[in-house]
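**Student:** Sequence first, predicted coordinates after that:
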Amino acid sequence: MKLTIPYIFFPDIKKKIEAAGENSANLAFSTSFLILQLLNYIDDFLITNVLFAVATVGSVLLLLVFFAAYRVYSSDKAAKENQKRIENFLADYKAFKPTRYTYADIKRITNEFKDKLGQGAYGTVFKGQLSDEIFVAVKILNNSTGNGEEFVNEVGTMGKIHHVNVIRLVGYCADGFRRALVYDYLSNESLEKFISSEHGDASALSWEKLQDIALGMAKGIEYLHQGCDQRILHFDIKPHNILLDDNFNPKISDFGLAKLCSKDQSAVSMTTARGTMGYIAPEVFSRNFGNVSYKSDVYGFGMVLLEMVGGRKTIDDKIENNNQIYFPEWVYNSLDNGEELRIRIEKEGDAQIAKKLTIVGLWCIQWHPVDRPSMNAVVQMLEGEGDTLTMPPSPFASAGPGRRNANMPGRPLHQALEVITEAE
């Protein structure tokens, strides 16, 4: 019988067998030796494979443990990130809601009313500080003015408003008879500072920047009229109430005279006229010109636009001379006669912007509210190139007889109108 051995696996045994010879006396011994060697090889083979299998299984188990640990870590990290996101949301949400301060808080925030920013008919404004990086403007309301309506209007209205072109109400104080309003502080103060020559900064803004400010104002007013649950009528749109941030982005402020109404309400009632002379729509004085509505804000916006173009107040209450030039009518006559606007023009494109702002402003100050555009239409006109804008009808044609000279107009008629008191 011939012994067949898988020599390929045991080359050293093959050499020993060949050396002994198949018929040699040592064949039996060699065979026994071969068996022992085979058993040794088998043991080594089994041990090696077992060790390899154990190592493989161990590696797999180690990988599984590592993967499980990683999943636990990732899940925990995601949970912490979600929790942090929720906490940030709640912090932002809380920041949107005005905070109620005590009068002691107000004194601390303003450093005992150290830095006075300005004073108006309804109160005095001081600079304050909530933290090292957060500054605020604190308006201390006069106790002797009104019956608290302005305070209720401001808090009730501005607490619901969140728009990039509307000032944010940070908080308020109603501590006994002491009342205060806390706003974001805007370092560039009001638009009035930059468009009125009497403040010395009338030429500080380029026409491109004036156009951006006009568009921002329009979007802010449009939001008040259409973007809230109820329509908000401001009733005191004027340069002093348009604040500018560090980048000259406009923010509408001072809602003390505001009224709320439903969006489908075509008119609102009021017992007395409200607003600032020169920016009050004719219908607010006399219902003969139409109903009081959101179009009254459009009129105020138009007057502000024309002030921005002219770099001057449209009327000056300090001047008693009735023959002073009324800028809106002067600029209308200039455009209507095809004349160039004799205003500050520094580079190419300035004249086109100035003309566009003027035409939009003249549309907004139409005598009858039905002839004025909505703020949505105003935004579209300001966003356009201006080449397609048409001249509006003369806002002054129905102002009444007796205009002395079309080129030298007197004060606008509505200054002479007697305020008509109406019952609610």
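**Tutor:** Structure's in. What do you need?

**Student:** for this protein, which spans come out with low pLDDT?
**Tutor:** Under the criterion pLDDT under 70, the flagged ranges of the chain are 1-46, 50, 86-96, 144-147, 197-203, 312-325, 340-342, 398-424.

**Student:** show me where it has helices.
**Tutor:** Per DSSP state H, the chain carries helices over the ranges 11-20, 27-96, 103-109, 149-158, 192-195, 207-222, 282-285, 295-310, 327-336, 350-364, 375-383.

**Student:** What lies in contact with the fifth one?
**Tutor:** The reference is to helix 192-195. Contacting residues not belonging to helix 192-195 are listed as 188, 199, 201-202, 204-205, 210, 238-240, 242, 244, 307-308, 311 [CB atoms under 8 Å, 6 or more residues apart in numbering]. No exception for glycine: its C-beta is placed from N, CA and C like everyone else's.

**Student:** Figure out how far it is from the centre of its chain.
**Tutor:** In terms of CA atoms, centre = their mean, to the nearest Å, the centre of helix 192-195 is set 22 Å apart from its chain centre.

**Student:** Dump that helix to PDB, restricted to CA.
**Tutor:** C-alpha atoms of helix 192-195 as PDB (Å, rounded to 0.1, in the frame of the first residue of the first chain):
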ATOM      1  CA  GLU A 192     -34.400 114.500  11.100                       C
ATOM      2  CA  LYS A 193     -30.700 114.900  12.000                       C
ATOM      3  CA  PHE A 194     -29.600 114.000   8.500                       C
ATOM      4  CA  ILE A 195     -32.200 115.700   6.300                       C
END
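
**Student:** Farthest-apart pair in the contacts of helix 192-195, please.
**Tutor:** Ala204 and Lys238 (19.1 Å; CB to CB).

**Student:** Of these two, give the one with the bigger neighbour count.
**Tutor:** Ranked by neighbour count (other CB atoms under 10 Å), Ala204 and Lys238 place Lys238 first, with 23 against 13.

**Student:** List the residues that contact the closest residue to the more buried one other than its chain neighbours.
**Tutor:** In space, Lys238 comes closest to Tyr279 once its chain neighbours are excluded; the distance is 4.7 Å by CB to CB, 6 or more residues apart in numbering. Contact partners of Tyr279, counting by CB under 8 Å, 6+ apart, are Asp236, Ile237, Lys238, Tyr299, Gly300, Met303, Val304.

**Student:** One more pass at 7 Å, please.
**Tutor:** Listed by CB atoms under 7 Å, 6 or more residues apart in numbering, the contact set of Tyr279 reads Ile237, Lys238, Gly300, Met303.

**Student:** For the residue nearest to the spatial centre of the chain, which non-adjacent residue is closest in space?
**Tutor:** Nearest to the geometric centre of the chain sits Val164, at 2.2 Å (CA atoms, centre = their mean). With sequence-adjacent residues excluded and distances taken as CB to CB, 6+ apart, Val164 is closest to Asn249, at 7.0 Å.

**Student:** cool, Gly156 as well?
**Tutor:** Of all residues not flanking Gly156 in the chain, Leu260 sits nearest, at 8.0 Å (CB to CB, 6+ apart).

**Student:** separation between that neighbour and Phe151?
**Tutor:** Applying CB to CB, to the nearest Å, the value for Leu260 to Phe151 is 15 Å.

**Student:** and those two? which has more neighbours close in?
**Tutor:** Remark: of Leu260 and Phe151, Phe151 carries more neighbours, 21 against 17, as counted by other CB under 10 Å.

**Student:** Next, the contact list for the closest residue to the more buried one other than its chain neighbours, please.
**Tutor:** Closest residue in space to Phe151, ignoring its immediate chain neighbours: Arg179 at 4.9 Å, by CB to CB, 6+ apart. Neighbour list for Arg179: Leu141, Phe151, Cys173 [criterion: CB under 7 Å, 6+ apart].

**Student:** Please name the bridge partners of Arg179.
**Tutor:** Arg179 forms beta bridges with Ala174, as assigned by DSSP bridges.

**Student:** Quick check: it vs Val60, distance?
**Tutor:** Distance, Arg179 to Val60, by CB to CB: 73 Å.

**Student:** Could you do Gly118 as well?
**Tutor:** From Gly118 to Val60 the distance is 76 Å (CB to CB).

**Student:** Looking at those two, which one has more neighbours?
**Tutor:** Between Gly118 and Val60, Gly118 has the larger neighbour count (other CB under 10 Å), namely 13 against 10.

**Student:** Which strand residues bridge the more buried one?
**Tutor:** Per DSSP bridges, the residues bridged to Gly118 are Val125.

**Student:** wouldn't it be in contact with Lys127 here?
**Tutor:** No. Assessed by CB atoms under 7 Å, Gly118 is found out of contact with Lys127, at 10.1 Å.

**Student:** Just to check, the residue nearest to Val164 is in contact with Gly216?
**Tutor:** Yes. Asn249 is within contact range of Gly216, at 5.8 Å (criterion: CB under 7 Å).

**Student:** one step back: pipe the helices of the chain into TSV and attach distance to Arg344 per row.
**Tutor:** Output for the helices of the chain, formatted as TSV (distance: least, CB to CB, whole Å):
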stretch	distance to Arg344
helix 11-20	104
helix 27-96	40
helix 103-109	40
helix 149-158	35
helix 192-195	11
helix 207-222	9
helix 282-285	30
helix 295-310	10
helix 327-336	13
helix 350-364	8
helix 375-383	20
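
**Student:** Tell me which of those helices is the most buried.
**Tutor:** Burial of those is given as mean neighbour count (mean count of other CB atoms under 10 Å); helix 295-310 ranks first at a mean of 26.

**Student:** Quick one: list the elements packing against it.
**Tutor:** Where contact means 3 or more CB pairs under 7 Å, 6 or more residues apart in numbering; DSSP states H and E, helix 295-310 is packed against helix 207-222, helix 327-336, helix 350-364.
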